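Engineer: Pasting the sequence and the predicted model now:
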Amino acid sequence: MSGFRLNSGGQVDRSTSVRFRFDGSNVTGFEGDTIASALLANGQSLFGRSFKYHRPRGVYTAGSEEPNALVNINRGGVLEPNTRATMSEIFDGLSANSQNRWPSLSFDVLSINQFAGPLLQAGFYYKTFMGPTRKAWRVYEHFIRRAAGLGTAGKRHDTDRYEKLNVFADLLIVGGGLAGLNAAHLAGTKGARVVLVDEHPEFGGYHRGNAKHIADIDELVRELRAMDNVTVLSRTTCFGAYDGNTFGMVERVSGHIANASSLEPFERYHVVRATHAIYACGALERPITFPDNDRPGIMLADSIRAYAYRYGVSPGKSIAFFTNNDGAYTELSALKDLGVPIHTMIDTRTEISDASIAQIAASGVNLITGHAVTGVRGSQNINQISLAPYDAYSKSVSGTPRTLDCDCLAVSGGWTPSIHLTSQMGGAPIWDEMLQAFLPGKSDGGWTACGTMAGHMSSEEALASAEAVTEPILRKMGFSKGRKKMTVPKRVDVLKTNPVWKIDNTKGKAFVDFQHDVTSADILLAHREGFHSVEHMKRYTTLGMATDQGKLSNINGLALMADARKLTLPEVGTTR
């Protein structure tokens, strides 16, 4: 391993170097890198500062759910703030700057806010700026407005071109993982007009990172692109589902290309009207809330896999895993074979499945069961973690903590299906006790969910569920007559998740919402002050109201409120 770039692996073009600038410094990556992967490969762990406390923050994910690594892209003087470094592909001449810091990223004057925690707790703006005179607000307002907001908007006119396109389809499929690809291929071969969209440059979703699947995935995509009745859109985000099965989507057309043709739009807005929609949006890994869990060097375990497989990058040189489910064990052996230096697996559970034990044995990683991480050391990157015995029944730690050296901690607290689009259509989420997550609610008849989004967490289940839901839709449209009706496969508990929402420890801030600096203490304060409804709690604490819209934080925040109210999570409900 040279620096943080692995000697092998990854799907970047190592023969083509790309040079760009970050905070005024020259950085070199490879074609296919994102800003995040290229900076990680160059040993950059500090990416930005948090909104309220200006705490140092690093990359936490490898996708669109990223809450920390927001950068300001300079496109010839036109500024594009709050761009996720994890989704921005690099090209020669790209210029990006970190946000929310002054005068520099490594030395931010407003980091002094970290010591003013009691003054900046949830709802502080309702309690603080009230005197000493009635006109005092005019003085406060100037400073508050300067401190508010994320990023800096540019003043120069945007000269790029944008397009709008109206599209009509029999079937819209959102998500290009195994389930989405399988559904699209089945519908395409039957003659249906299909639109398949995925937000990433390449299709395959979670399995894009597995070398043994890449050839099959690419062949499937080539077959889809060759069909006249199928429209395949990568780098396209479906952001809204509306009445009449109308959908809004944004396609990133030329923002990743150096010296792009003036004939190409920067982005293209698609309005899709579909007879039916199949959601194969996948699931997002879930954080675990513990003291100082926001420090650079802490990231989701699935992100470690993504950076290694997709970009050939190891985010650390001494990595420990912290989990409560079997999902984190799946890729251990493969990651070790790539040269990712993982030395310890910490599991809150005392009983581990035979399959996970076999994976640990094959990887040679040290296993510590019945323990939880209780804190970390290091400011701009962690260098040590502390752990203590954890009791799942009382949900607490005890005994004398011990320390473990590492410069990267991979966290896996379970998986949360991406049900955002189904919720927009008014489908109330349904709690699944086995998965410890919300699944899509009852459909209005215009959409169907499949794959991991519907709780089918294994590859085999996901593929089977895609075919099972697509067949009856095609039959109803008249495209697949005479086929025997398939049944949706029975779900198997492949993750064996033991819910761990928060590791209790009085020392240090434990963050629930990284982007808005919402801590577990803020959730409990909202409860004490009477904001028991999850809608009230959301607005009082600003949980899930940042640019990431709570993709990682909402479920943990709801669980903490449920615990405070001594209710179950489904009884507390979700926000709308």
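Structural biologist: All right, it came through fine.

Engineer: ok, the most centrally placed residue in the chain - contacts?
Structural biologist: Centroid check for the chain by Cα atoms, centre = their mean gives Glu65 as the closest residue, at 3.0 Å. Listed by Cβ atoms under 8 Å, 6 or more residues apart in numbering, the contact set of Glu65 reads 284, 548, 551-552. Backbone N, C-alpha and C define where each C-beta goes, glycine included.

Engineer: how about low-confidence regions in the stretch 451-576 of the chain?
Structural biologist: 481-494, 506 (pLDDT under 70).

Engineer: how about the helices in it?
Structural biologist: 459-477, 520-528, 534-541, 554-565, 569-572 (DSSP state H, counting those that start in this stretch).

Engineer: circling back to that earlier point, nearest to Gln436, of the contacts of Glu65?
Structural biologist: Leu284 (13.7 Å; Cβ to Cβ).

Engineer: residue ranges of the strands in the stretch 201-350 of the chain, please?
Structural biologist: Assigned by DSSP state E, counting those that start in this stretch, the strands in the stretch 201-350 of the chain fall at 230-233, 236-242, 246-252, 267-279, 283-285, 298-300, 319-323, 342-347.

Engineer: Would you reformat these as a markdown table and include mean pLDDT, distance to Gly508 and mean neighbour count?
Structural biologist: Listed next are those as a markdown table, based on pLDDT from 0 to 100; distance: least, Cβ to Cβ, whole Å; neighbours: other Cβ atoms under 10 Å:
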| stretch | mean pLDDT | distance to Gly508 | mean neighbour count |
| --- | --- | --- | --- |
| strand 230-233 | 98 | 44 | 21 |
| strand 236-242 | 96 | 35 | 19 |
| strand 246-252 | 98 | 38 | 18 |
| strand 267-279 | 98 | 38 | 21 |
| strand 283-285 | 96 | 23 | 24 |
| strand 298-300 | 97 | 13 | 28 |
| strand 319-323 | 97 | 16 | 25 |
| strand 342-347 | 96 | 18 | 22 |
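
Engineer: ok, back up a step: and the contacts of Glu65, which two are furthest apart?
Structural biologist: Leu284 and Asp548, at 10.4 Å, using Cβ to Cβ across the contacts of Glu65.

Engineer: hang on, the earlier thing: now intersect the contacts of Glu65 with the strands, please.
Structural biologist: Using DSSP state E, the subset of the contacts of Glu65 located in strands is Leu284.

Engineer: I'd like to know which of the contacts of Glu65 are buried.
Structural biologist: The neighbour count (16 or more other Cβ atoms under 10 Å) marks 284, 548, 551-552 as buried among these.

Engineer: and of the strands of the stretch 201-350 of the chain, who's closest to Leu119?
Structural biologist: Proximity to Leu119, assessed across the strands of the stretch 201-350 of the chain by Cβ to Cβ, is greatest for strand 298-300 (26.0 Å).

Engineer: could you say what helices and strands the closest one packs with?
Structural biologist: Helices and strands touching strand 298-300, as assessed by 3 or more Cβ pairs under 8 Å, 6 or more residues apart in numbering; DSSP states H and E, comprise strand 408-412.

Engineer: which regions of the stretch 151-300 of the chain lie under the pLDDT threshold?
Structural biologist: 209-211.

Engineer: Can you show me the helices along it?
Structural biologist: Here the stretch 151-300 of the chain has its helices, by DSSP H, counting those that start in this stretch, at 178-189, 211-225.

Engineer: Now the shortest one: buried residues?
Structural biologist: It refers to helix 178-189. Buried residues in helix 178-189, counting neighbours by 16+ other Cβ under 10 Å, are found at 178-189.

Engineer: of those, closest to Ile73?
Structural biologist: Using Cβ to Cβ, those come closest to Ile73 at Gly180, 28.6 Å.

Engineer: List the contacts of that closest one.
Structural biologist: Contact analysis of Gly180 by Cβ under 8 Å, 6+ apart lists 173-174, 196, 198, 203, 205, 278, 280, 451, 466.

Engineer: May I have the strands that pair with the helix or strand containing Val373, each with its orientation?
Structural biologist: Using DSSP states H and E, Val373 sits within strand 371-377. Within its sheet, strand 371-377 is paired with strand 384-391 (antiparallel), according to DSSP bridges.

Engineer: How far off centre is the partner strand?
Structural biologist: 25 Å (Cα atoms, centre = their mean, to the nearest Å).

Engineer: And stretch 555-571, by the same measure?
Structural biologist: 22 Å.

Engineer: Buried ones in stretch 362-378, by neighbour count?
Structural biologist: 363, 365, 367-368, 371-376, 378.

Engineer: Make a markdown table out of those and add distance to Leu543 and pLDDT.
Structural biologist: Output for the buried residues of stretch 362-378, formatted as a markdown table (distance: Cβ to Cβ, whole Å; pLDDT from 0 to 100):
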| residue | distance to Leu543 | pLDDT |
| --- | --- | --- |
| Ser363 | 36 | 91 |
| Val365 | 34 | 95 |
| Leu367 | 34 | 97 |
| Ile368 | 31 | 97 |
| His371 | 28 | 96 |
| Ala372 | 23 | 96 |
| Val373 | 22 | 96 |
| Thr374 | 23 | 95 |
| Gly375 | 23 | 94 |
| Val376 | 23 | 95 |
| Gly378 | 26 | 92 |
